[in-house]
Structure formats: structure tokens, C-alpha cells
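Engineer: Build the 3D model from these lines:
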Amino acid sequence: MVEQSDFSIDLAGIERWLVGQGVLAAGGLGSIRQLAGGTQNIVLRFSNGGRDYVLRHPPAKPRPNSNKLLEREIRLLGALAGSAVPHPAVVAACTDTSIVGAVFYVMEAVDGFNPTVAMPEGAAGSPAIRHRMGLEMIDGLAALADVDPIAQGLADFGNLDGFLERQVSRWASELDSYGRFAGWQGPAALGDVAAVGQWLTDNLPQGMQPGIIHGDYHIGNCIFGEDGRLNAIVDWEMATLGDPLVDLGRLLVSWPGKGPAKPQTMRVAPLDGFPSHGEMIARYAERSGRSLDHLPWFEVLACYKLGLILEGTHARAQAGLADMATGERLHRSAVALLEEARAIIAQA
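Structural biologist: Have a look, this model is predicted:
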């Protein structure tokens, strides 16, 4: 049996429930280890009956919406079952918080590697494998854009009305809210944020082809096989409905270019071999069939949104509520992202 103190959650209660549901064989959760990369939830891999599983559970001190977010993940992953989107299959889900005090779910373990944690020798030594990894990420994104949320019972999973129109005000309000952190230097260090927001407002695309958005699509949320195949897209807690080009824009602004790495460039080494921006864009257009006429707008939006989100950690750090080194690193990324937004605008 496992001690519930091991990870500050009721593992014994989770085990009893899973055995009672007929999901696991009696005998306990074996070889438990915490997976790297999970920051908003506790993610544990364990074995039972000769198979490996992964448990997702809110942190020991959950956020007010932790249970709700996990419920949304469970629902979304269920809707993706049978689709071409690489994703972990849910084995069992418990939304009754009276069982162990929180929502949790168990999914099949996906073998492979997260490149931001460690690049295995094969991928690290092969530009061809890294090239495939980039194209596979685009294919996974195109497959997600192809899923009809209405047909999959997700009509109420997000508010499509005015989705693009409300993006600027949503994230501008987020930036304004940092004023509550004593000691924050304010938005001036980010440059003219309002001008970027105004450009987004003035150049708003008219209409959109709606679909499912992952919400945080980058290489750190992908699990790859040794040959570069995309085995699974993970961490769906920010998923919603909207324009799938939001995900493409988010991916591209962190993608390595021809020059030196920028503060917002994905934290993977080595970077050579990955497909170029042009290849990624052409692949998405081919696989998704979507118009990319307004792609620069989505890239600017990605820079604007991500930059303002990252500045939040800097604000908390200056108030003594987060690690200062991390805050300063993310602030440099925020500054670089807003500079990138202005560069894209200048070329648009």
C-alpha cells in the first residue's frame, strides 16, 4: 500500500476507488514517480497489473478552479477519443470530490520523451528526427483543428461569440490587474503595449472558422517517440473553443529562426534541424485547408497574450511572492515578445 503522505494527496483513497471500479487489480500502485513538467497539477506515473498509468490530481493546495479545470480536461479528452489527434486515453475519471477531496483522473501512460526535460541521444544527434518532430507538431495541430466540437458534444465548452473581439480587452485587463502587487515597476518596461493592442483591434480578422483550441500549444506539451513521431499532446487544462489559428500563432512565436535564440525561443537543445517557420506554415495550410491570410494577426496576438501573462510572474516576484530570478527571466521574455509583436506589425 502507498502512504498518502508520499505526495500530500490521498493515494490510498484513489487506489481503493480504482480497484472498486474494476480499473486496477488489487495489489497497490507500484513504482510511483512524479513526472517532470507538471506545474499546475500533481502528475504521477505508476504501474499495476503489468501496465503503466498516469494520474492527474490538483496540487495539495489547490487553486479555486483546480477541480473545474480537471473536469474540463476529462471532458475534452473524452471528446477526442477516436480522433486523429494524438492524446492520452482516459481510463477512469472521478469527479465526485467526496471520494478523496478532489477531482482526479487516470490515463494510459504514453511512452516517449518531452524535449524540454531531456532530449534522448537519438533525437539529439539527428537533425532529421528533429525536423520530423516539428512537422508532426503541425500535423497534430491540424488534426485538432479538424475536430468538429459540436459533433463531439462540446457546443458549450467555450463562448464563440465575439471570441476574437474580446482578446485584447481580456489581456489588457490582466496586465492592469498587476497593479495590486506592491513593488511592481509597471508596464512601461514592456514598451508601448497599448499600441500593440490598438493594432490588434484595428486589424481584427472578420469572421473565423471555429474549432477546439489547446490553449498552450508548444513543444513542452508534446510527447515524442524515439523516431520523432508525436505520440501525444498533453496538458489540456487551458483548452476551449475559438479560432484554432490562436494555437498556430502561439507555436510560431516560440519557434527557432535562422538567427540566435531569443528569450522566448523554445527551451530545447539542439535547435538546428527543426523545420523553418515557412515550412511549418506551408504544412499547416496543406493539412488543415484553412486560410492563413491573417496569420500575422494571430502571431501578434500570441506575443501580446503570452508577454502579458509572463509579466504577471515578474510582478509577483517584485512583490516578494515569487522567485526573483524566475520573474526576471520571464520579464526578459515578455519584453522580447512585445518587441517581436512590433516587428511583425512593421512587416505586415
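
Engineer: mind listing what Ala341 touches?
Structural biologist: Val196, Glu299, Val300, Cys303, Tyr304, Gly307 (C-beta atoms under 8 Å, 6 or more residues apart in numbering). To be clear about C-beta, it is placed using only N, CA and C from the backbone, and glycine gets the same treatment.

Engineer: what ranges do the strands span in the chain?
Structural biologist: 30-34, 42-48, 51-57, 90-94, 104-108, 211-213, 222-224, 230-233, 240-242 (DSSP state E).

Engineer: May I have the second one as CSV, with CA atoms only?
Structural biologist: Meaning strand 42-48. Output of strand 42-48 as CSV, limited to C-alpha atoms (Å, rounded to 0.1, in the frame of the first residue of the first chain):
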residue,chain,number,x,y,z
ILE,A,42,0.3,16.6,-9.5
VAL,A,43,1.2,14.2,-12.3
LEU,A,44,2.2,10.7,-11.2
ARG,A,45,3.2,7.6,-13.2
PHE,A,46,2.5,4.2,-11.6
SER,A,47,2.2,0.6,-12.5
ASN,A,48,-0.4,-2.0,-11.8
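
Engineer: isn't Leu252 right up against Gly278?
Structural biologist: No: in this structure, Leu252 is not within contact of Gly278 by C-beta atoms under 8 Å, at 10.5 Å.

Engineer: neighbour-wise, which of the two wins?
Structural biologist: Shown here are Leu252 and Gly278; by other C-beta atoms under 10 Å, Leu252 has more neighbours (19 against 8).

Engineer: Which of the helices and strands in this protein ranks last by mean pLDDT?
Structural biologist: Lowest mean confidence among the helices and strands of the chain (mean pLDDT, DSSP states H and E): strand 30-34, at a mean of 89.

Engineer: Give the partner strands of that one in its sheet and their orientations.
Structural biologist: strand 42-48 (antiparallel) (DSSP bridges).

Engineer: If you average the pLDDT over the partner strand, what comes out?
Structural biologist: Mean per-residue pLDDT for strand 42-48: 92.

Engineer: Could you tell me how far it lies from the centre of the chain?
Structural biologist: Offset of strand 42-48 from its chain centre (C-alpha atoms, centre = their mean, to the nearest Å): 20 Å.

Engineer: likewise stretch 169-183?
Structural biologist: 22 Å.

Engineer: gap between the two ends of that stretch?
Structural biologist: 24 Å (C-alpha to C-alpha, to the nearest Å).

Engineer: What residues sit buried inside that stretch?
Structural biologist: For stretch 169-183, a neighbour-count test (16 or more other C-beta atoms under 10 Å) marks Trp171, Ala172, Leu175, Tyr178, Phe181 as buried.

Engineer: Let me know the closest of those to Ser8.
Structural biologist: Phe181 (27.4 Å; C-beta to C-beta).

Engineer: List the residues that contact the closest one.
Structural biologist: Phe181 neighbours (C-beta under 8 Å, 6+ apart): Ala315, Arg316, Gln318, Ala319, Leu321.

Engineer: ok, and the most crowded of these?
Structural biologist: That'd be Ala315 among the contacts of Phe181, by other C-beta under 10 Å, with 24 neighbours.

Engineer: Dump the contacts of Ala341 to a markdown table, plus pLDDT and neighbour count.
Structural biologist: Below are the contacts of Ala341 laid out as a markdown table (pLDDT from 0 to 100; neighbours: other C-beta atoms under 10 Å):
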| residue | pLDDT | neighbour count |
| --- | --- | --- |
| Val196 | 98 | 25 |
| Glu299 | 98 | 23 |
| Val300 | 98 | 26 |
| Cys303 | 97 | 28 |
| Tyr304 | 98 | 26 |
| Gly307 | 96 | 28 |
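
Engineer: which one of those residues is nearest Arg290?
Structural biologist: For those, the nearest to Arg290 is Glu299 (14.8 Å; C-beta to C-beta).

Engineer: Can you give me the distance of the nearest residue to that closest one once chain neighbours are set aside to Leu295?
Structural biologist: Excluding the flanking residues, the one nearest Glu299 by C-beta to C-beta, 6 or more residues apart in numbering is Gly249, at 4.6 Å. Gly249 sits 7 Å away from Leu295, going by C-beta to C-beta, to the nearest Å.

Engineer: Among these two, which residue is more densely surrounded?
Structural biologist: Using other C-beta under 10 Å, the more surrounded residue of Gly249 and Leu295 is Gly249, with 25 against 20.

Engineer: measure the more buried one to Val268 for me?
Structural biologist: Gly249 is 19 Å from Val268, by C-beta to C-beta.

Engineer: Equivalent analysis for Ala348, please.
Structural biologist: 28 Å.

Engineer: That'll do, ta.
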